[in-house]
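A.B. asks: the following comprises the amino acid sequence and a computationally predicted model.
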Amino acid sequence: MNDQAQRTITPIWRIPLPEFLTQNGNPRMASDAFTARYEADVAKKWPSIMLEAENLLQDDSVPLKTRASLPGTILKTTGTRWADGVIAIWNAETRDLIAWQCGGVPFVLPQFRGRGIGGEMCRITFEIGHKDRNSMVFFSAGGLASRKAAHREAVRDALLAGELVPHEVLTDYPAFAAGDLISPNGTGRPDQAAQSEGVSHEAFPSS
């Protein structure tokens with residue numbers, strides 16, 4: 001089994017934080033200008049994205065799911081590789097699309113940011129076996145916060161479930177290691193920490 005295949009089946013909570021962020025442990029940040037261009041590009045494409053999402057919502061062959069960490073939402077996922085994978089999240093009551101990921105970068109509508117949705121999309125990406133996006137990416141500030149939140153929550157949930165989290169993973173979470181699973185490192189829940197960043201998308205392909 002090659003390294004890529006091994007990483008896609010490894011639970012997040014077994015991967016040390018620096019390795020989960022990037023292969024060399026040094027995340028590269030996208031410029032504000034690039035982030036603004038990306039936002040504008042998605043805004044232009046949003047009507048067609050909504051149409052594609054509506055077709056997916058009506059497709060009974062793709063099961064509808066809920067997620068305890070995302071109350072008030074429903075979601076669907078397709079594909080098992082980064083290139084063909086879709087994650088769509090809707091408001092459960094109105095059926096309005098609030099977040100979308102097709103192949104690469106997750107995007108959350110501005111009015112729904114700060115709720116941990118980006119971090120959960122990152123977790124879903126790994127859980128369903130989408131291609132790992134650790135290499136050749138640039139992060140927005142909010143995207144980096146989302147990815148860190150995804151890791152913290154995965155580690156926290158693993159500990160609550162009684163899993164034996166590796167020591168090298170816990171070194172980034174001294175509060176967890178000390179038995180405090182409520183407020184890691186004094187920051188509160190990871191989704192609250194991510195809220196201050198204010199940008200939805202997690203990572204930008206550099207190519």
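C.D. replies: Alright, I've got the coordinates.
A.B. asks: all helices for the chain, in order.
C.D. replies: 3-9, 17-21, 32-58, 117-127, 141-160, 167-170, 174-177, 190-195 (DSSP state H).
A.B. asks: next, name the residue at the spatial heart of the protein.
C.D. replies: Cys122 (1.8 Å; C-alpha atoms, centre = their mean).
A.B. asks: setting aside sequence neighbours, what's the nearest residue to that one?
C.D. replies: Using C-beta to C-beta, 6 or more residues apart in numbering and skipping the chain neighbours, the partner closest in space to Cys122 is Ala150 (3.8 Å). C-beta here means a position set from N, CA and C on the backbone, and glycine is covered the same way.
A.B. asks: got a pLDDT number for the residue lying closest to Ile49 once chain neighbours are set aside?
C.D. replies: Using C-beta to C-beta, 6+ apart and skipping residues adjacent in sequence, the residue nearest Ile49 is Trp100, 5.4 Å away. The model reports Trp100 with a pLDDT of 94.
A.B. asks: tell me the bridge partners for Trp100.
C.D. replies: With DSSP bridges as the criterion, Trp100 is bridged to Ala88, Phe107.
A.B. asks: surely it and Phe112 touch.
C.D. replies: No. If you go by C-beta atoms under 8 Å, Trp100 and Phe112 don't touch, sitting 11.3 Å apart.
A.B. asks: which of the two has more neighbours?
C.D. replies: For Trp100 versus Phe112, neighbours defined as other C-beta atoms under 10 Å are more numerous around Trp100 (24 against 16).
A.B. asks: next, the contact list for the more buried one, please.
C.D. replies: Trp100 sits next to Ile49, Ala53, Val86, Ile87, Ala88, Ile89, Pro106, Phe107 when contact means C-beta atoms under 8 Å, 6 or more residues apart in numbering.
A.B. asks: what sits against the fourth one?
C.D. replies: Yep, that's Ile87 we're talking about. Leu75, Lys76, Thr77, Ala99, Trp100, Gln101, Pro106, Met121, Ile124, Thr125.
A.B. asks: one more: the first one?
C.D. replies: Contact criterion C-beta under 8 Å, 6+ apart gives Val42, Leu97, Trp100, Cys102 as the residues in contact with Ile49.
A.B. asks: for the residues you listed, pick the one with the most neighbours.
C.D. replies: Trp100 (24 neighbours).
A.B. asks: pull up the gap between that residue and Glu120, please.
C.D. replies: According to C-beta to C-beta, to the nearest Å, Trp100 and Glu120 sit 13 Å apart.
A.B. asks: ok, Phe139 next?
C.D. replies: Distance from Phe139 to Glu120, by C-beta to C-beta: 17 Å.
A.B. asks: between the two, which has more neighbouring residues?
C.D. replies: For Phe139 versus Glu120, the count of surrounding residues by other C-beta under 10 Å is larger for Glu120: 26 against 23.
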